[in-house]
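Enquirer: Have a look; sequence and predicted model below, questions after that.
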Amino acid sequence: MTSATEPARVEASRWTPMVRAMSKTGGASIASGLVSALGTKIVATVLGPGSVALLATLQQLRDGAIVAATANGRTALVQGASELETVGRREYLRTVAILFAGGTLLVALAMLAAPREIVRWSRLPQSGEPLLAWLAVTVVLLSLFVFLTAVLNSLKEIGKLAWLQLASPVVAAMVAWPLAWEVRAGHQVALVFFLAIPAAATVVAASVALAGHRERLHEWFQGPGRWWTAGAARHFFSISGAMLASGLAATTVLLAVRASITRQESLAMTGQFDAAWNISMNQVTLILGSVQTYYLPSLASARTGSERVAQMRSMLLVATLATVPAIVALAALKPLAVSVLYSHAFAASPGFLRWTLVGDFLKVSAWVLATPMLATRDLGAFLTFDLMTHATFFGAAMLLARILEPAEGAAIGFLVAYAVYFALCYGRARARYGFRFGAAGLSAWLLGLALIAGASAHAWSDVTVHFARASAWMLLAIGFSGGFAVYMRRREA
């Protein structure tokens, strides 16, 4: 067990490789987010909040369908392909390929066979029913993309994966202007092409990225071994089952919360909430991408408990230092961020961000502490905590909707849910893995939380940005992260 008095060099020695890995996925995430924001800005400017809400609903339906089609099995596929060797790996990959193909076919057929029921359940307008056929095509393409990128991840092509993050938003930005004007001209089917065209582009890009591994792929898919084994299927579902339940719960709860906002306020207010939600969620991908590509495999390969705890402490410190400046900047500049990324029509969105940004910090921290449960297959606890978090979000949002406006109640509910999730994951990390913050980690985490809460409170009701005040908060956040980074480098030296 790693204690608070363990030599600093053990923790610090893991700090630099984590930062190096994050620079690849994080840099790509930032670039992807900026390009994606350009496409969203075009849609928001040309079509307004109502169409943004409709597009967001289609995206949620697409994401939920992909989760069901792949059994949310990307993590399971990467884990198995990385762990197994020779015939076992070949049989595992082939079995998962069959599972993906079968699941994708069933989901696509369901979308084509029951469009009216899906429209009614998701609160889409009746005019959205013809869009579901094209949405089914998008799901097929993205299911294939998930499989291809998981294979790339198992081949440790982190750099190529980083580049692939750019493919979809770049293509989406390129087609956004002409498609937005097609929608405005009355051709609503063009709305779903915002999703279908980038999906096709990502499949082509992933295929090109794998071209350099033809011999390895030929061995995996044409070498000796069976195309289906029950053992490989059990291995896959032992991980993907928990991830599937988690993903479906997240999608279902968010759709239900959004439907409540639409029913009690309006589709336009749902668009306001979606703008804040998208800004909030996109900025945490910097860390969560690194959790997927670097941190999880490192934990899974740890040979001792002390090594695993040292990884956890280092990752939590790195995650804190990376997220605090970004969240503080958004909290201080939120009216400007919404105006730039969307338009002046989204004037209500900054009011939701003051809650969700604090929730983002807790979400990132909780995920760092939850990932060891995946790495060690502590899946019962992982799924229980995750479902409790989604239930808390839904329950808090519905309860607060009776006291406040539903959209603001949903934003507060998100913060409450991830406060609960962090507490659960922290308790599990202490009890099962012997995790302790350590003096440096606890100081960084508490100071980071205080900076985020302070910046959010200081700009609580701002409708315009006070640049002098915002600059002061951002300099404080940058100084905080920079100071701790210098301190860690000195400890490592």
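Expert: Cool, the structure landed. Being a predicted model, the structure only gives us computed values, none of them experimental. Residues are numbered from 1 along each chain as shown.

Enquirer: where do the helices sit along the stretch 51-200 of the chain?
Expert: For the stretch 51-200 of the chain, the helices defined by DSSP state H, counting those that start in this stretch cover 74-83, 86-113, 115-122, 131-154, 158-184, 193-209.

Enquirer: Out of those, point me to the one whose mean pLDDT is lowest.
Expert: Sorting these by mean pLDDT places helix 115-122 lowest, at a mean of 70.

Enquirer: where does this structure dip in pLDDT?
Expert: Confidence mapping of the chain against pLDDT under 70 gives the ranges 1-37, 46-51, 120-129, 186, 188, 285-287, 289-292, 301, 303, 491-493.

Enquirer: in it, which helix has the most residues?
Expert: helix 230-264 (DSSP state H).

Enquirer: buried ones in that helix?
Expert: 232, 235-237, 239-251, 253-262 (16 or more other CB atoms under 10 Å). Where C-beta positions appear, they are placed from N, C-alpha and C, glycine not excepted.

Enquirer: can you check stretch 96-104 too?
Expert: Under 16+ other CB under 10 Å, the buried positions of stretch 96-104 are Val96, Ala97, Leu99, Phe100, Gly103, Thr104.

Enquirer: just to revisit the earlier point, select, out of the helices of the stretch 51-200 of the chain, the one closest to Ser443.
Expert: Between Ser443 and the helices of the stretch 51-200 of the chain, the shortest gap by CB to CB is with helix 158-184, which sits at 30.8 Å.

Enquirer: one step back: so which elements touch the longest helix of the chain?
Expert: Other helices and strands packing on helix 230-264, by 3 or more CB pairs under 8 Å, 6 or more residues apart in numbering; DSSP states H and E, are helix 49-69, helix 74-83, helix 86-113, helix 267-283, helix 379-400, helix 406-433.

Enquirer: Need phi/psi at Val192.
Expert: For Val192, the backbone dihedrals (degrees, to the nearest 10) come out as phi -70, psi -20.

Enquirer: Neighbours of it, how many?
Expert: Val192: 24 surrounding residues under other CB atoms under 10 Å.

Enquirer: is it true that it touches Ala136?
Expert: No. Counting by CB atoms under 8 Å, Val192 sits too far from Ala136 to count as a contact (9.9 Å).

Enquirer: Distance of the residue nearest to Ala370 when sequence neighbours are not counted relative to Ala396?
Expert: Excluding the flanking residues, the one nearest Ala370 by CB to CB, 6 or more residues apart in numbering is Cys425, at 4.7 Å. Relative to Ala396, Cys425 is positioned 18 Å away (CB to CB, to the nearest Å).

Enquirer: So these two - more neighbours on which side?
Expert: Cys425 (27 against 20).

Enquirer: tell me the contacts of that one?
Expert: Residues counted as contacts of Cys425 (CB atoms under 8 Å, 6 or more residues apart in numbering) are Ala366, Trp367, Leu369, Ala370, Met373, Phe385.

Enquirer: Quick one: neighbours of the last one, just the number.
Expert: Spelled out, it's Phe385. With other CB under 10 Å as criterion, Phe385 counts 21.
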